[in-house]
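Asker: Only the shape, not the letters, is given here:
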């Protein structure tokens with residue numbers, strides 16, 4: 001059985017039909033394009049351009 005990388009779908013957003021996540025690199029937030037695969041529940045497989053060592057950031061707007 002092989003390991004897969006899966007993240008919560010809520011962390012993924014689309015721009016012009018391409019999928020992205022925000023990652024934290026060198027004290028900055030960067031947009032990272034990804035390729036996704038199978039979805040199971042609230043998680044979706046990431047098949048390209050993201051490793052388990054990268055820190056995904058979720059931007060939350062309107063925090064009071």
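Answerer: Great, that's in hand. Worth saying up front: this structure is predicted, and the values here are computed from it rather than measured.

Asker: alpha carbons only for contacts and neighbour counts from here, please
Answerer: Fine.

Asker: Which neighbours in the sheet does the worst-scoring helix or strand of the chain on mean pLDDT have, and how are they oriented?
Answerer: Least confident element among the helices and strands of the chain, by mean pLDDT, DSSP states H and E: strand 55-57 (a mean of 87). Sheet pairing of strand 55-57 (DSSP bridges) gives strand 18-25 (antiparallel).

Asker: Which is the succeeding secondary structure element to the partner strand?
Answerer: strand 28-40 (DSSP states H and E).

Asker: ok, then the element right after that following strand?
Answerer: Downstream of strand 28-40, the first helix or strand assigned by DSSP H and E is strand 43-48.

Asker: could you check the angle strand 28-40 makes with that following strand?
Answerer: Note on geometry: by axes from the mean of the first three to the mean of the last three Cα atoms, to 10 degrees, strand 43-48 and strand 28-40 are set 120 degrees apart in direction.

Asker: which parts of strand 43-48 are buried?
Answerer: In terms of neighbour count (16 or more other Cα atoms under 10 Å), strand 43-48 has its buried residues at 44, 45, 46.
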